[in-house]
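In: fold the following.
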Amino acid sequence: MTSESTVGTHGKTGAAGAHGASANDCQLFKTLMDALESGHRAVLATTLNQASEGNVLAKKLFTNSEPNESEALSDDALELSAFIEGGLQRGEFTFEQAEDGTATLVEPYFPEAQLVILGGGHIAVPLAEFGAKAGFKVTVVDDRPFFANNFRFPAADKVICDSFDNSFDSLKLNKATFVVIVTRGHRYDKVCLENVLKYETAYVGMIGSRRRVTGLKDLLLSEGQAPDKLASVCTPIGLEIGAVTPEEIAISILAQVIQYKRKGDKANRKANNWPELDLTVLRELAKPDQETRALVTVVETKGSVPRREGAKMVVWMDGRTIGSIGGGCSEGEAIQTARDVIRDGRFRYLDIDMTGQVAEDEGMVCGGTMKVLITPV
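Out: Next up, the predicted model:
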């Protein structure tokens, strides 16, 4: 189901730079952050009309949280319903320009991807390290203090020392969670798998020999576990790369986790795109700010470029920035244009060409172009 947020609709006219950041913008991004932290997916739909007087810019936020039965999409949202659904379900980014000067931008936002490692043994150590470096928010669970501590897992966002059964009250598993079961024994595997399958998660993988895994699945089937749920568990775990050492096995597991994140499960392969999420930028946009800032968003790319659609950067008048659209020459020109946007409050498009000598001199391994949208916030 899709719910529509009413706080995200507003118009911008005139010199926004003289009035500071829009309160509606701040509230909209705060609502977006709240939705993501609750495990919901969201889509931000922006309509632009560069040709109209006042440089109108309107925004609406949609999430996949369960709405009240009385809620329905507004007429303008119904026109965007296919784009909204594509964003929420498959992470599809949409930017369309019409000949009359109007444009539609639909940006998907998924919750921060979590990697939950159940078991703190020798494979969990490199898996937590590599998972954090790959952008996952890592949680490790084990019931042994010697194995479940921050010294052993410095890269983990959270380490829980408790029984596996009790830990599920604080894990808050959701569709943005990737679960890896690497416990030290059959009975712990059973407890973990029984609990994990109560939730809808993005991925579940369990280590173990074929005999051990088959025996556990047969036992759970006999106890009434749904066959389709058990069939969704990745066993044997990881991609087949001939891994032997704990580090190689961790890479094999993480590669499969990333495959599910980027391409979906086997039934939906190539139908899923997990959008990039820069929480630093979103947190900044959710702050009330006396100064008007400019938001630079990559809306189109062709060829080899450093960042894809949806990448963002916040720019202040004094040249300060948060986030990145690729660095080097691509950002320098965007910062200059952002200052003009801050001055007059009118959004602009900027085409950045990284196919020439300038990009090469900047050390950018690129050969493409980017279109960015720069708006006051």
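
In: so Phe168 lies in a helix, does it not?
Out: Yes - counting by DSSP: H, G, I helix; E, B strand; the rest coil, Phe168 is found in a helix.

In: next one: the nearest residue to it once chain neighbours are set aside from Pro145, what distance?
Out: Among residues not flanking Phe168 along the chain, Asn195 sits closest, at 4.7 Å (Cβ to Cβ, 6 or more residues apart in numbering). Just so you know, the C-beta spots here come from the backbone N, C-alpha and C atoms, and that holds for glycine as well. Separation of Asn195 from Pro145 (Cβ to Cβ, to the nearest Å): 21 Å.

In: neighbour-wise, which of those two wins?
Out: Neighbours per residue, other Cβ atoms under 10 Å: of Asn195 and Pro145, the larger number sits with Asn195, 18 against 9.

In: helix/strand/coil for the more buried one?
Out: Three-state call for Asn195 (three-state DSSP): helix.

In: tell me who's in contact with it.
Out: Residues counted as contacts of Asn195 (Cβ atoms under 8 Å, 6 or more residues apart in numbering) are Phe164, Asp165, Phe168.

In: quick one: the residue nearest to Phe168 from Gln225, how far?
Out: Taking Cβ to Cβ, one finds Asn195 at 12 Å from Gln225.

In: please apply the same query to Gly185.
Out: From Gly185 across to Gln225, the span is 19 Å (Cβ to Cβ).

In: pick out whichever of those two has more residues nearby.
Out: With neighbours defined as other Cβ under 10 Å, Gly185 and Gln225 compare such that Gln225 has more, 15 against 11.

In: helix or strand: which one has the more buried one?
Out: Counting by DSSP states H and E, no helix or strand carries Gln225.

In: touching, it and Lys190? I think so.
Out: No - counting by Cβ atoms under 8 Å, Gln225 does not reach Lys190; the two are 10.4 Å apart.

In: next SSE downstream of the helix or strand of the chain at the bottom of the mean pLDDT ranking?
Out: Across the helices and strands of the chain, mean pLDDT, DSSP states H and E gives its lowest value to helix 357-361, namely a mean of 52. Downstream of helix 357-361, the first helix or strand assigned by DSSP H and E is strand 369-376.

In: partners of that next one, with directions?
Out: If you go by DSSP bridges, strand 369-376 pairs up with strand 294-302 (antiparallel), strand 348-353 (antiparallel).

In: ok, residues contacting the first one?
Out: So that's strand 294-302. 95, 105, 107, 285, 305, 307-316, 325, 334, 338-339, 341-342, 349, 368-377.

In: state the next helix or strand along the chain beyond it.
Out: Sequence order places strand 312-315 as the next helix or strand after strand 294-302, per DSSP H and E.

In: export only the CA atoms of that following strand, formatted as CSV.
Out: Extracted C-alpha coordinates of strand 312-315, given in CSV (Å, rounded to 0.1, in the frame of the first residue of the first chain):
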residue,chain,number,x,y,z
LYS,A,312,23.3,14.6,-4.0
MET,A,313,25.4,17.4,-2.6
VAL,A,314,24.4,20.4,-0.4
VAL,A,315,26.1,23.7,-1.2
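
In: can you give the strand pairings for it, parallel or anti for each?
Out: Paired neighbours of strand 312-315 in the sheet (DSSP bridges): strand 294-302 (antiparallel), strand 321-323 (antiparallel).

In: elements contacting the helix or strand just after the shortest one?
Out: Toward the C-terminus, strand 321-323 is succeeded by helix 328-344 as the next helix or strand (DSSP H and E). Secondary structure elements in contact with helix 328-344, counted by 3 or more Cβ pairs under 8 Å, 6 or more residues apart in numbering; DSSP states H and E, are strand 294-302, strand 312-315, strand 348-353, helix 357-361, strand 369-376.

In: state the pLDDT value of the residue nearest to Phe168.
Out: What the model reports for Asn195 is a pLDDT of 95.

In: in stretch 313-330, which residues are buried?
Out: Under the neighbour-count criterion of 16 or more other Cβ atoms under 10 Å, stretch 313-330 has Met313, Val314, Val315, Trp316, Thr321, Ile322, Gly323, Ser324, Ile325, Gly326, Cys329, Ser330 buried.

In: again but with stretch 141-157, I slipped
Out: Under 16+ other Cβ under 10 Å, the buried positions of stretch 141-157 are Val141, Asp142, Asp143, Phe147, Ala148, Asn149, Arg152, Phe153, Ala155, Ala156.

In: OK, contacts around the first one?
Out: By Cβ under 8 Å, 6+ apart, Val141 lies in contact with Val116, Ile117, Leu118, Gly119, Gly120, Ala148, Val159, Ile160, Asp162, Phe164, Ser167, Leu171.

In: neighbours of the fourth one, just the number please.
Out: For Gly119, the neighbour count with other Cβ under 10 Å is 27.

In: residues in contact with it?
Out: Residues in contact with Gly119, defined by Cβ under 8 Å, 6+ apart, are Val141, Asp142, Ile181, Val182, Thr183, Arg184, Tyr188.
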